[in-house]
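> after the sequence you'll find the predicted model.
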Amino acid sequence: MLYAHAMDIARLRHIVAVADTLSFSRAAEQQNITQPALSRSIAAFENRHGLKLFDRGRGGVTITPAGEFVVAEARSLLRSADELTRNLQLYAQGAAGRVAFGIGPLVASLLLPRLSGSLLSSSPNLEIATVIKSPVDLLASLYDDSIEMIIGNDWQLADAHGIAIEEIAFLDLAHVARAGHPLARKDRVTPEDLAAYPAARPVRLNMGKADAGTFICDNYYVLRETVLHSDCTWTTAPAFVEDDLANGRLIALNVEGLALAKSRICIITLAGRTRSPAARTVADLARQVVRGWV
């Protein structure tokens, strides 16, 4: 294929225009340049490559065999150049390319369906890769550039180095159990009452003493089903189970002396790194969605 630098692209457009119109004057008008300038452009190409592209006679312009070859190659190169221009525009808008990010299990359950739907609707050419783990387990992937950012809570990241943390929302938490659970009949539940029943959790906690049992799973939909069909209690976001709370399938427990802090939701990136346009689009959409949580 023909080698082309920036000026050659314009010259190839001149050649194709003459081939399409079989007229130097009409081609010059189409390309918005003067006819002498068009003639000089094509002559410069012919001189550089030692080829004659067009014959001009009383019958008009005809394409030489060399011209047929060059025009075919030029059309292919111009299609590629135009496609590159379009793709660069899409990439700069965050609408093309690939973006990979990590997301915590709870935030994924709340955010990811809406986020992915919005991204694919607005940017159908974008490739989106997600990894769902606790933020602390995602740090290695952030450090080795497998992912560009993490969306999730930062409660285990106090000792992490080289990261930038942007707070985007606080998420309410509650202790819940199924309707009909023995604790659901109590106006007030003590921590000892709570410890008498197994707990459903997304991660293993380092507890000072053993409790009644634990079911650990980072899939919040599985945790929800487990709690609905067992005596497990669960600390989760009311926003995730709002329908179950509204229809009485789950009950929020009032646990004495065990107030829950809100979960701080953040966007976590490597400090000093420039995000791709697609990653900026993901972050902007994440901020928009989580505004509805507060």
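Nice, thanks for sending it over.

> neighbours of A81, just the number please.
Neighbour count of A81, defined by other C-beta atoms under 10 Å: 14. In short, each C-beta sits where N, CA and C put it, glycine included.

> I figured it hits I9, correct?
Yes. The criterion here is C-beta atoms under 8 Å, and A81 meets it with I9 at 5.7 Å.

> spell out the residue ranges of the helices in the stretch 151-294 of the chain.
Here the stretch 151-294 of the chain has its helices, by DSSP state H, counting those that start in this stretch, at 191-195, 220-228, 242-246, 277-290.

> Q89: which of the ones you listed is closest?
With C-beta to C-beta as the criterion, Q89 lies closest to helix 277-290 of the helices of the stretch 151-294 of the chain, at 10.5 Å.

> name the surrounding residues that touch that closest one.
91-99, 101, 111, 114-115, 118-119, 122-123, 126, 128, 148-149, 151, 168-169, 265, 267, 275 (C-beta atoms under 8 Å, 6 or more residues apart in numbering).

> go on, stretch 250-260?
173-179, 181, 183-184, 186-191, 194, 227-228, 233, 235, 238, 241, 244-245.

> average model confidence for that stretch?
The pLDDT scores in stretch 250-260 average 88.

> would you mark the buried spots in that stretch?
By neighbour count with 16 or more other C-beta atoms under 10 Å, stretch 250-260 contains the buried residues L250, I251, L253, V255.

> check stretch 143-153 too.
I147, E148, M149, I150, I151, G152, N153.

> hmm, which two among those residues are most spread apart?
It's E148 and N153 that sit farthest apart of these, by C-beta to C-beta, at 18.4 Å.

> nearest to L22, out of the helices of the stretch 151-294 of the chain?
helix 277-290 (42.8 Å).

> and that closest one, which residues are buried?
P277, A278, A279, R280, T281, V282, A283, L285, A286, V289, V290.

> ok so, going back, from the buried residues of stretch 250-260, which is closest to A158?
V255 (25.5 Å).

> which residue packs closest to the closest one, ignoring adjacent ones?
In space, and not counting its chain neighbours, V255 is closest to V189: 4.8 Å by C-beta to C-beta, 6 or more residues apart in numbering.

> which pLDDT value goes with the one you found?
93.

> does it really touch L183, like I thought?
Yes. Under the criterion of C-beta under 8 Å, V189 is in contact with L183, at a separation of 5.2 Å.

> ranges for the strands of this protein?
54-57, 60-63, 96-103, 125-132, 149-153, 163-171, 174-178, 199-201, 214-216, 233-236, 250-253, 263-270 (DSSP state E).

> out of these, which is the most enclosed?
strand 149-153 (a mean of 26; mean count of other C-beta atoms under 10 Å).

> tell me which strands it pairs with, and in which orientation.
When pairing is defined by DSSP bridges, strand 149-153 lines up against strand 96-103 (parallel), strand 263-270 (antiparallel).

> dump the last one to PDB, restricted to CA.
Included here for strand 263-270 are C-alpha records, laid out as PDB according to Å, rounded to 0.1, in the frame of the first residue of the first chain:
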ATOM      1  CA  SER A 263     -20.600   2.900  53.700                       C
ATOM      2  CA  ARG A 264     -18.400   5.500  51.900                       C
ATOM      3  CA  ILE A 265     -18.500   4.900  48.100                       C
ATOM      4  CA  CYS A 266     -15.500   6.100  46.200                       C
ATOM      5  CA  ILE A 267     -13.700   6.100  42.900                       C
ATOM      6  CA  ILE A 268     -10.200   4.800  43.500                       C
ATOM      7  CA  THR A 269      -7.400   5.300  40.900                       C
ATOM      8  CA  LEU A 270      -3.600   5.300  40.800                       C
END
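
> many thanks, we can stop here.
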